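Asker: What would the 3D arrangement of this be:
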Amino acid sequence: MTSTLNVPTILTPGSRAQAVEHLRRYFGPVDGTSGWAGSRFERLAGGGDRPDVADRFTADDLVAVSLLSVNVPPHGAIQLLESRADELARLLAEIPHDLELVDVESIPDDWAPNRLWAALRDVRGIGWVTAGKLLARKRPRLIPVYDSVVQAAVTPTASFWEALRAALRADDRALHRHLLSLRDEAGIGDDISALRVFDVVVWMHYRYLDPTTDAEAA
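Answerer: Here you go, the predicted model:
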């Protein structure tokens, strides 16, 4: 299915300085009382995609998504970690570890991440935002973090994953290269994916569009 999105002005070259500042603020120091807890999402406990845990959801992954202001309820956690762990691990194992969204030629309906997303949505208490964040924790260069703030800012016509894939590849991958250059100028570390740069810059710039957003916790 063809899908498009609006690339916000904050992600155009003319807004470069402001975008870099958003990244530096978000990925600044975090302690017990200050800083953006969400900046630890990828890196908590060594990351959700480190080789020994890349194909299985762990308790660390549940803590990681809580840093982005969503929570897996108790019965859902039991399904993820115990009763449905093997089923979900098999689906995770079908998703390449080293593939980036910009390198995906097309997204078919039966794409492995789509199937895992649907399975996660079937877990008690997991909505579309939480399912997406769990996937982003396990495959941070392939699956973007996505919530209502970003949705309102980019207004995809259909699938966000497909729309972002197309936007990243357009004009000889100009947007993808711009995101990486913002990351490098901000000095936040090359372990942070272009997808996460997209999410953080847009979220920081537009977070007050959604009055339900817990800006301090994200």
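Asker: how about the nearest residue to Arg121, chain neighbours excluded?
Answerer: The shortest distance from Arg121 to any non-neighbouring residue, by C-beta to C-beta, 6 or more residues apart in numbering, is to Ala131 (5.2 Å). For glycine as for every other residue, the C-beta is placed from the backbone atoms N, C-alpha and C.
Asker: Which helix or which strand is home to that neighbour?
Answerer: For Ala131, the host element (DSSP states H and E) is helix 128-138.
Asker: Can you spell out which helices and strands pack onto that helix?
Answerer: If you count contacts as 3 or more C-beta pairs under 8 Å, 6 or more residues apart in numbering; DSSP states H and E, helix 128-138 packs onto helix 59-66, helix 112-121.
Asker: Helices of this protein, start to end?
Answerer: All helices of the chain, identified by DSSP state H, fall at 16-26, 59-66, 74-78, 85-93, 112-121, 128-138, 148-154, 160-186, 194-206.
Asker: Columns distance to Gly32 on top of the ones you listed, output as TSV?
Answerer: TSV is the format used below for those (distance: least, C-beta to C-beta, whole Å):
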stretch	distance to Gly32
helix 16-26	18
helix 59-66	15
helix 74-78	24
helix 85-93	31
helix 112-121	31
helix 128-138	22
helix 148-154	25
helix 160-186	24
helix 194-206	22
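Asker: So, low pLDDT: which residues of this structure?
Answerer: Where the chain drops to pLDDT under 70, the residues are 1, 209-218.
Asker: So which residue is dead centre in it?
Answerer: In the chain, the centroid-proximal residue (C-alpha atoms, centre = their mean) is Val145; its distance is 2.0 Å.
Asker: wait, doesn't that residue sit right on Asp199?
Answerer: Yes: if you go by C-beta atoms under 8 Å, Val145 and Asp199 touch, sitting 4.4 Å apart.
Asker: before we move on, the earlier item: next up, the contacts around the residue nearest to Arg121.
Answerer: Neighbour list for Ala131: Trp117, Leu120, Arg121 [criterion: C-beta atoms under 8 Å, 6 or more residues apart in numbering].
Asker: Narrow those to just the buried residues.
Answerer: Trp117, Leu120 (16 or more other C-beta atoms under 10 Å).
Asker: can you dump the C-alpha coordinates of stretch 58-76 into PDB?
Answerer: In PDB, the C-alpha atoms belonging to stretch 58-76 read as follows (Å, rounded to 0.1, in the frame of the first residue of the first chain):
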ATOM      1  CA  THR A  58      13.100  -9.600  28.300                       C
ATOM      2  CA  ALA A  59      12.200  -7.800  31.500                       C
ATOM      3  CA  ASP A  60      14.700  -5.100  30.500                       C
ATOM      4  CA  ASP A  61      12.600  -4.400  27.300                       C
ATOM      5  CA  LEU A  62       9.500  -3.800  29.500                       C
ATOM      6  CA  VAL A  63      11.500  -1.400  31.600                       C
ATOM      7  CA  ALA A  64      12.800   0.300  28.500                       C
ATOM      8  CA  VAL A  65       9.400   1.000  27.000                       C
ATOM      9  CA  SER A  66       8.300   2.500  30.300                       C
ATOM     10  CA  LEU A  67      11.000   5.100  29.800                       C
ATOM     11  CA  LEU A  68       8.900   6.200  26.800                       C
ATOM     12  CA  SER A  69       5.800   6.600  29.000                       C
ATOM     13  CA  VAL A  70       4.000   3.400  28.200                       C
ATOM     14  CA  ASN A  71       3.700   0.300  30.400                       C
ATOM     15  CA  VAL A  72       3.000  -3.400  29.800                       C
ATOM     16  CA  PRO A  73       0.400  -4.400  32.400                       C
ATOM     17  CA  PRO A  74       1.000  -7.500  34.600                       C
ATOM     18  CA  HIS A  75      -0.900 -10.100  32.600                       C
ATOM     19  CA  GLY A  76       0.600  -8.800  29.400                       C
END
